[in-house]
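In: show me the folded form of this:
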Amino acid sequence: SSFSGIATVVSTWGYYSQWSNYNWGADFYVVKNSTFSHFRTMPNTGSVAYQDMCLNAGGSNYTEISDNTLTGCGVGIFMPRTNFYYYYNQSYWGADDAIIDGNTFVNTETLEIWFYLNSYADGVEITNNVFTGSSSPSYGIYSQDATVDDLLIDGNTFYNSQQAIYMRGAVDWTMTDNTI
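Out: Predicted coordinates:
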């Protein structure tokens, strides 16, 4: 599939109420074999609006983002804590065991993959991605605090990021065979 002029594709846990039968769980967030072109270009000011984050994987039971091309995004993939976290046990808060594999990031403006503050993402695998283009994003992969645990970064190629990988507080991470 090809999506041109897109702002964001988002998935997160919904509002939970014990008095209704509302299906609040995000069963999956799977984005595969697609091309995304963002609707606008923004300068790298260090601040990014939600509508400039192409893929927003805010927690689900299964997250896989693979074999896609993302072009001109402010943030390629945003990994925050789920929006309605205060309704759930901590084990639901992040995109645990997410797979980010084989994607190509072209001309990302600010951050290519961003683990936001309190993202609670455990066991994420970031493998075989290419970060390229004439833009100069601040970071290729950026983890903002110690709520990111057991992160694998393997086989990625970084061409254009000012800093390819920045693990600001992340714990128990493994980096192998990346080209910077």
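In: CA atoms for contacts and neighbours, from now on please.
Out: OK.
In: hmm, who's touching the least confident helix or strand in the chain by mean pLDDT?
Out: Within the chain, no helix or strand scores below strand 9-12, which has a mean of 84 by mean pLDDT, DSSP states H and E. Contact with strand 9-12 is made by 26, 29, 54-60, 82-83, as judged by C-alpha atoms under 8 Å, 6 or more residues apart in numbering.
In: surely Thr69 and Lys32 touch.
Out: No - Thr69 is not in contact with Lys32 according to C-alpha atoms under 8 Å; the separation is 9.6 Å.
In: just the element for the most centrally placed residue in the chain, please.
Out: For the chain, the residue nearest the mean C-alpha position is Ile77 (2.9 Å; C-alpha atoms, centre = their mean). Applying DSSP states H and E as the criterion places Ile77 in strand 75-79.
In: repeat for Ala164
Out: Per DSSP H and E, Ala164 falls inside strand 163-167.
In: one step back: what pairs with the least confident helix or strand of the chain, and is each one parallel or antiparallel?
Out: When pairs are called by DSSP bridges, strand 9-12 turns out to pair with strand 53-58 (parallel).
In: mean confidence (pLDDT) on the strand it pairs with, please.
Out: Model confidence over strand 53-58, given as mean pLDDT, is 91.
In: over to stretch 98-112?
Out: For stretch 98-112, mean pLDDT rounds to 97.
In: ok, stretch 71-91 next?
Out: Mean predicted confidence for stretch 71-91 is 80.
In: ok, stretch 157-167 next?
Out: 97.
In: equivalent analysis for stretch 38-48, please.
Out: 90.
In: buried residues in it?
Out: The neighbour-count check on stretch 38-48 (16 or more other C-alpha atoms under 10 Å) flags 38-39, 44, 48 as buried.
In: from those, pick the one nearest Tyr159.
Out: Using C-alpha to C-alpha, Asn44 is the member of the buried residues of stretch 38-48 that sits closest to Tyr159, with 16.9 Å.
In: ok so, going back, tell me which of the buried residues of stretch 38-48 is nearest to Val124?
Out: The nearest member of these to Val124, counting by C-alpha to C-alpha, is Val48 at 22.9 Å.
In: so how many other residues sit close to the residue nearest to the closest one when sequence neighbours are not counted?
Out: In this structure, Val48 finds its nearest non-sequential neighbour in Gly74, 6.4 Å apart by C-alpha to C-alpha, 6 or more residues apart in numbering. By other C-alpha atoms under 10 Å, 30 other residues sit near Gly74.
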